[in-house]
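K.L.:
kindly generate the corresponding structure for this input.
(one chain, ligands or ions: 1)
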Amino acid sequence: MKSKARLNAVLTVLLLTPAVFASLMFGETSAEKKEAKHAKTFMRQKLVYSQDVLEGLTLENYDLIVTKGMKMWNMGKSNLWQVIFADEYQKQSASYRGHVMAMVEAAREQKLEAAREAYVKSLQSCYDCHKYFKVEQRARLQKAKEGK
Ligand code: HEC
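P.N.:
Numbers count the residues shown, from 1 in each chain. So this is what the prediction gives:
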């Protein structure tokens, strides 16, 4: 089935990108490790919700899109990283939540195409935010190594 292959491709990209990214990010002190572990669990949950939404989008289950989409949106509101990199995190997070909300609203009006488009944009926000924080994290680790 063609759509199933596409779904698998999307899921693979979705799963691999943050995992590769996260493996580059963590390390260093035990306090940082603890912090990272908490954040990991949080982010894993976000991934689960986004998969549920994907299921809703493929099966045209609007209730699923709305309920899990709201959970995705709520999760955009709080994260440990918000404390560390306040300004940039707020910016990235606002863009993520904007797309998720657009998706939820489209689903409420049963506009499938619009919901699908907004979902793709929300995924783009996942990538954008991850990309930014990978750079940040590397810079921090480098500084720590140099003892600054
Ligand atoms: C506003 C910034 C931001 C957005 C948006 C964002 N993330 Fe993340 N994500 C992070 C940061 C920072 C990390 C690394 C630290 C952490 O886990 O919080 C991360 C890590 C992850 C991880 C790795 C967790 C682990 O087990 O190591 C996954 C999976 C993940 N994100 C999934 C997602 C998905 C799926 C989305 C979109 C639906 C998303 N993230 C959106 C900032 C973001």
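K.L.:
near the ligand at all, the longest helix that the chain contains?
P.N.:
Counting by DSSP state H, the longest helix found in the chain is helix 112-145. Yes: judged by Cβ under 6 Å from any ligand atom, helix 112-145 and the ligand are in contact via 122, 125, 126, 129, 130, 133. (Each C-beta comes from the backbone N, C-alpha and C, glycine too.)
K.L.:
least confident secondary structure element in this structure?
P.N.:
helix 2-25 (a mean of 53; mean pLDDT, DSSP states H and E).
K.L.:
re earlier: neighbour-wise, give me the winner out of the residues of helix 112-145 next to the ligand.
P.N.:
residue 122 (25 neighbours; other Cβ atoms under 10 Å).
K.L.:
the closest residue to it other than its chain neighbours: how many residues sit nearby?
P.N.:
Closest residue in space to residue 122, ignoring its immediate chain neighbours: residue 99 at 3.9 Å, by Cβ to Cβ, 6 or more residues apart in numbering. Other residues near residue 99 number 22, with proximity taken as other Cβ under 10 Å.
K.L.:
how about the one 3 residues further on?
P.N.:
Other residues near residue 102 number 18, with proximity taken as other Cβ under 10 Å.
K.L.:
low-scoring stretches of this structure, by residue?
P.N.:
In the predicted model, the chain carries pLDDT under 70 at residues 1-36, 39, 76-85, 148.
K.L.:
list the buried ones in the host helix or strand of residue 88?
P.N.:
Taking DSSP states H and E as the definition, one finds residue 88 inside helix 86-108. By neighbour count on 16 or more other Cβ atoms under 10 Å, the buried set for helix 86-108 is 89, 92-93, 95-104, 106-107.
K.L.:
I appreciate the help and will end here.
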